[in-house]
Structure formats: C-alpha cells, structure tokens
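>>> how would this look folded up:
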Amino acid sequence: MSKPISHDQNFKNLILDYPREALTFFAAEEAAEIDAEAQITPIRQEQLKERLGDRFHELDVPLLVEWPDGRREALLFMLEEETNPKRFSIHRLAHYTLHLSELFNTHRVVPVVIFLHGHQHLTDSLHIKSERHSYLQFHYLQTQLDHLPATQFMNSDNLVARLNLPNMHWHEAEKIDVYAKAIQGLLTLEQDVEKQLKYIDFVDIYSNLSDDERQAYQTRYPQEERHMAGLADRLRNEGMQQGMQQGMQQGMQKGLHEGIEGALRLQLKLKFGELPEWAEIKLQQATDEQLTHWLTQILNANSLTELLA
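Purely as a prediction, here's the structure:
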C-alpha cells in the first residue's frame, strides 16, 4: 500500500512558503488591507506549545501581520485545513481563536478554514444566547475548494490559487488543461528551482493523472514538458554530484548509488507522479547498473510499468 497523503502538511507548507498569496486567496476580504509594507510572520510552534499546552493545535498555521509604522495593531490570521468536513468543530475553532486572542493580547484575530472537500451542512456561525441576552457570536472565513470553479482561476497571478486548480471544481474533459494551467502558473510565478520541483509534486498529488492522461499532457503541452524535463536533467546531475560528494565521506560506491537513486526517484515523480509502493521497492532493491539503465531510458518511456519492467 502507498503512503497516505498528508493533506495537512501539504497545505501547511504551502501557507508557510507563500503566506501573502495564501491570505489573498483564502481570506480576500481581510487581506485587502495588507499592503506591501506589512510583514507576515509565522508564529513558532514552540512558542504556542509552551503557552497553550494541551490547547495547542499542531496543524493550524497562525500568521502574524504587522505594520512598521505602528499605526495599526497586529492582525493574527489562523488558517486551518480540513480534509473531512465532518471532523470540523466550530466550537473547537472558537476556543482556539479565543486562546490566541488572549495569548497575544489582541482582539484582531481572523479565523480561516480551508475545506478540501466542501459540505452543504457546514456550520458557519455560532451564537451563544438565552431568551434575554446574547453572550457570544462567532463566525469564520471559509474556502470550500471543490466548490470553486477552476475556470475562474486559470490565469490567476496568485500562485496559491494556481497550485490549487486541481482541487477546484472542473469537468473531466478539462482535467489535463487544469493540470497544465497549474504547472504553467508554477513555472512562471515561481523562479526558485527547488520550489518549482517541490510544488510540481504538490500539483501531481492532487491531479493524480493516469498514464494516458500524462501522455496526452506531454503531447498537448510540449513546452512545459521540455521545461520539466530540463528540471529533471538538472536534478539528475545535482543528485549524482551530491552522491559523489557523499561518497567521499561515506564510501564512494554507496554515495554514488544513493545519489543516482534519489535523482531517478524525483525524475520519475516529475514524469509519472507519485510512485506506488511496488516502484519504491524496485528502486530500493536495484543495482547501480539497473538505476543507470532506467535513467537513460526514462525520457522514452510511456509508463512507469514499461520502464521498470
């Protein structure tokens, strides 16, 4: 069996790597006030664990927005990803919002929830009251990704929106174009090669293209495919160099083997998406000669099964 997808960690990484874009996409109403001078800082988990104890929620991503001129108070955004809407508890969210408000001595807290899969019966507000008085009113900002029409964000200049195109609503006939637009957005809006490689993996995970769909993509979008192949070549060379450097310290043969295996694994992910368990086992058990042979054949292979057979 393949490893389960860590949606929480995937979205946590996305928010931490692109906090401004995440706030603009997931909390547009509030983010409109965040200008270029504002500084967005992730709050360290160690600080929250120490102060909140058992009330700490590891998978939440609190971001502190501060302005250098001091004219406005800090604004605390709390982003939380929920894979299963049935697990969502507005009471828990309200508790955590109040805890953070107390911890940072501010009433300026914006709770934001990202639902990978929406639900028509989600509770969007909480009102604690009696017949005579209202004691607590609470609501939050939410994004139900699979309810957003992908066509509206195909040409967005917000990288977080482009990377989430596969998670939005689209018709089956649009799947390859949705994938292509996500990749195009990544390659044009992100110039850092390491992050390009990192988030190609993100797009692959949530697109889940079949072998036939990946072949169709390569045919219809040759320019993007050449760019990705170039990244793969660079990765292969860097992996081999890293392996040789490691080999000087730990034994040349072992270091070179691990370098080639790592480069091949990432190159396979670029072309075929997430690797199934059987493929991981073959890579781990392969000899140097097998790994080198697969590296030379990968560009001509039409499927993972064909290559590793």
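>>> can you map out the strands along the stretch 101-250 of the chain?
Using DSSP state E, counting those that start in this stretch, the strands found in the stretch 101-250 of the chain span residues 109-115, 125-129, 134-139, 141-144.
>>> those strands: which one's closest to residue 194?
Residue 194 sits nearest to strand 109-115 of all the strands of the stretch 101-250 of the chain, at 24.4 Å, using C-beta to C-beta. Using the backbone N, CA and C atoms, a C-beta is placed for each residue, glycine as well.
>>> against which helices or strands is that closest one packed?
strand 75-82, helix 90-103, strand 141-144 (3 or more C-beta pairs under 8 Å, 6 or more residues apart in numbering; DSSP states H and E).
>>> just to revisit the earlier point, tell me which of the strands of the stretch 101-250 of the chain sits most buried.
strand 109-115 (a mean of 22; mean count of other C-beta atoms under 10 Å).
>>> returning to that earlier point: which one of the helices and strands packed on strand 109-115 has the lowest average pLDDT?
Mean pLDDT is lowest for strand 75-82 out of those, coming in at a mean of 69.
>>> returning to what we had before: could you dump the strands of the stretch 101-250 of the chain into JSON lines with distance to residue 269 added?
Listed next are these as JSON lines, based on distance: least, C-beta to C-beta, whole Å:
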{"stretch": "strand 109-115", "distance to residue 269": "25"}
{"stretch": "strand 125-129", "distance to residue 269": "42"}
{"stretch": "strand 134-139", "distance to residue 269": "40"}
{"stretch": "strand 141-144", "distance to residue 269": "27"}
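>>> please give me every residue in contact with residue 126.
Residues counted as contacts of residue 126 (C-beta atoms under 8 Å, 6 or more residues apart in numbering) are 90, 91, 94, 136, 137, 138, 139.
>>> was I right about the last one contacting residue 127?
No. Contact criterion C-beta atoms under 8 Å: residue 139 and residue 127 do not qualify, at 9.1 Å.
>>> the protein: helices as residue ranges?
Remark: helices assigned in the chain by DSSP state H are 7-17, 19-26, 28-31, 45-52, 90-103, 159-163, 175-189, 193-207, 211-220, 222-250, 252-272, 277-285, 288-297, 304-308.
>>> would you turn the ones you listed into TSV with distance to residue 148 and mean neighbour count?
Formatted as TSV, the helices of the chain follow (distance: least, C-beta to C-beta, whole Å; neighbours: other C-beta atoms under 10 Å):
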stretch	distance to residue 148	mean neighbour count
helix 7-17	15	18
helix 19-26	10	22
helix 28-31	12	15
helix 45-52	29	13
helix 90-103	21	17
helix 159-163	9	24
helix 175-189	12	21
helix 193-207	13	18
helix 211-220	22	15
helix 222-250	23	15
helix 252-272	26	19
helix 277-285	33	13
helix 288-297	39	14
helix 304-308	31	16
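>>> what's the closest of these to residue 66?
helix 19-26 (12.4 Å).
>>> centre of the chain to the closest one, how far?
Mean C-alpha position of helix 19-26 versus that of the full chain (C-alpha atoms, centre = their mean, to the nearest Å) differs by 13 Å.
>>> quick one: that helix to helix 7-17, angle?
Relative orientation of helix 19-26 and helix 7-17, computed by axes from the mean of the first three to the mean of the last three C-alpha atoms, to 10 degrees: 120 degrees.
>>> what bits of the stretch 201-309 of the chain have low per-residue confidence?
229-257 (pLDDT under 70).
>>> and the chain, what are its domains?
Structural domains annotated on the chain: 7-147, 209-308, as defined by automatic domain parsing.
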